[in-house]
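J.: Predicted model and sequence below, questions to follow.
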Amino acid sequence: MDKDTNVKSITVKKMIEDLKLEEINNPVNEIQHITTTELNRPGIQLAGFFHYFAYERIQIIGKVEHCYLGTLHPDIRHQRFNKIFSYDLPCVIVSRDLEIYDEMLQAAEKYQRKILRSDLNTTQLISKLVNYLEDKLAPTVTLHGVLMDIYGVGVLITGKSGIGKSETAVELIKRGHLLVADDSVEIKRIGHDLLVGSAPELIRHMIEVRGIGIMDIKSLFGVGAIKESTQIDLVINLEEWDSSKSYDRLGLDDSYREILGMKMNEVIIPIKPARNVALLIEVAARNYRQKEMGYHAAKEFNDRLMSKLARHDG
């Protein structure tokens, strides 16, 4: 079950430290929070149009905006910047190490808004900011399970406590696959179609196996047995075999698990004595890759069967 879901915010101060941005001024109240990954280039606001001003976003002044400002009379620049900075915006970033207009600095000081500067060109700056903000502000959830990279497929193994997830993970590591997280998996939704999982820092590279205790996989198997994070492609749910339950034997019916609003492919593997779970998970990962490449074995079998029955009826 999903837990600890939240949409994050970060402070402008944290962003400055991480991205090494130049601080032009130092407002008294610097505790400004960024809550959206979207940016705004306020060209139309500099022209005097303030309907639908996305002031909650970081404002980017690029070369085009800067050149336009140079065509304005200082009194007009003063008026426009006073209007812009009257909104509760998180900060303004100027690209290309461009000159800071006096009117801009005066308005920022008046309304206590932060001005930053970067030596990157505007396109590079926007790309860097978007990537950074999508990572820091991504919706997150923490799930109980094991996350591994198996044949390049990010596999999230779930199931109730004691079902054998960690023991299976150890066997998969022995087979050459990579551990990302055990017991607690932190998952971020990046953009619209990407889930990325990693381990909490406290238990990174660790596995707990009942009867043995905590094991450091990095020390036992080497750095080639671990991975810091991976895209999640497939969910495999382990459950105790239920003889009264009908399990899919052909694989024609696709199953899904919803995580952070995304539908992820799910495979349910019933557990009973003598079943090689690690091997089954390997095969499931290979089968997933095959499907992604356009070949669906169950559908191929069904097509052959239907074709044969059609010829028989004919």
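T.: In hand now; what should we look at?
J.: Quick check: end-to-end length of stretch 156-165?
T.: Distance across stretch 156-165, first residue to last, is 10 Å (Cα to Cα, to the nearest Å).
J.: what's the average pLDDT for it?
T.: Mean pLDDT, stretch 156-165: 93.
J.: Residues touching it, excluding its own?
T.: 143-148, 168-169, 182, 185, 197, 210, 232, 234-240, 257, 264, 271, 277, 281 (Cβ atoms under 8 Å, 6 or more residues apart in numbering). Placement of C-beta: from N, CA and C, glycine included.
J.: what do you get for stretch 143-154?
T.: 2-3, 155-159, 161, 165-166, 168-169, 172, 177-185, 187, 197-199, 227, 230-234, 259, 281-282, 285-286, 288-289.
J.: which residues does the nearest residue to Glu56 once chain neighbours are set aside contact?
T.: Nearest residue to Glu56, sequence neighbours excluded (Cβ to Cβ, 6 or more residues apart in numbering): Thr36, at 6.1 Å. Contact analysis of Thr36 by Cβ under 8 Å, 6+ apart lists 56-57, 133, 137.
J.: Redo these as JSON lines? Include neighbour count, pLDDT and secondary structure.
T.: JSON lines is the format used below for these (neighbours: other Cβ atoms under 10 Å; pLDDT from 0 to 100; DSSP: H, G, I helix; E, B strand; the rest coil):
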{"residue": "Glu56", "neighbour count": "15", "pLDDT": "95", "secondary structure": "coil"}
{"residue": "Arg57", "neighbour count": "20", "pLDDT": "96", "secondary structure": "coil"}
{"residue": "Leu133", "neighbour count": "20", "pLDDT": "94", "secondary structure": "helix"}
{"residue": "Leu137", "neighbour count": "17", "pLDDT": "91", "secondary structure": "coil"}
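J.: Could you find the closest non-adjacent residue to Ile281?
T.: Ile236 (5.7 Å).
J.: Same question for Asp193.
T.: Met262 is the one closest to Asp193 (Cβ to Cβ, 6+ apart), at 7.1 Å.
J.: again, but for Thr122
T.: Leaving aside its sequence neighbours, Thr122 sits nearest to Gly62 (Cβ to Cβ, 6+ apart; 3.4 Å).
J.: The one you found reaches Pro42, doesn't it?
T.: No - using Cβ atoms under 8 Å, Gly62 is not in contact with Pro42, being 10.3 Å away.
J.: Look at these two and report which has more neighbours.
T.: Higher neighbour count among Gly62 and Pro42: Pro42, with 22 against 19, using other Cβ atoms under 10 Å.
J.: show me what contacts the spatially closest residue to that one that is not a sequence neighbour?
T.: Closest residue to Pro42 apart from its sequence neighbours, by Cβ to Cβ, 6+ apart: Gln59 at 5.2 Å. Applying Cβ under 8 Å, 6+ apart to Gln59 gives the contacts 39-42, 84, 89, 91-93.
J.: ok, back up a step: among the contacts of stretch 143-154, which lie within helices?
T.: In helices, judged by DSSP state H, the following of the contacts of stretch 143-154 are found: 165-166, 168-169, 172, 281-282, 285-286, 288-289.
J.: coming back round to it: out of the contacts of stretch 143-154, which are buried?
T.: Buried members of those, counted by 16 or more other Cβ atoms under 10 Å: 155-159, 165-166, 168-169, 172, 177-185, 187, 197-199, 227, 230, 232-234, 259, 281-282, 285, 288-289.
J.: Contacts only, for the spatially most central residue of the chain.
T.: By Cα atoms, centre = their mean, the chain has its centre lying nearest to Ile190, at 3.0 Å. By Cβ under 8 Å, 6+ apart, Ile190 lies in contact with 134-135, 138, 196.
J.: Is Ile16 in a helix, a strand, or coil?
T.: Secondary structure assignment for Ile16 (DSSP: H, G, I helix; E, B strand; the rest coil): helix.
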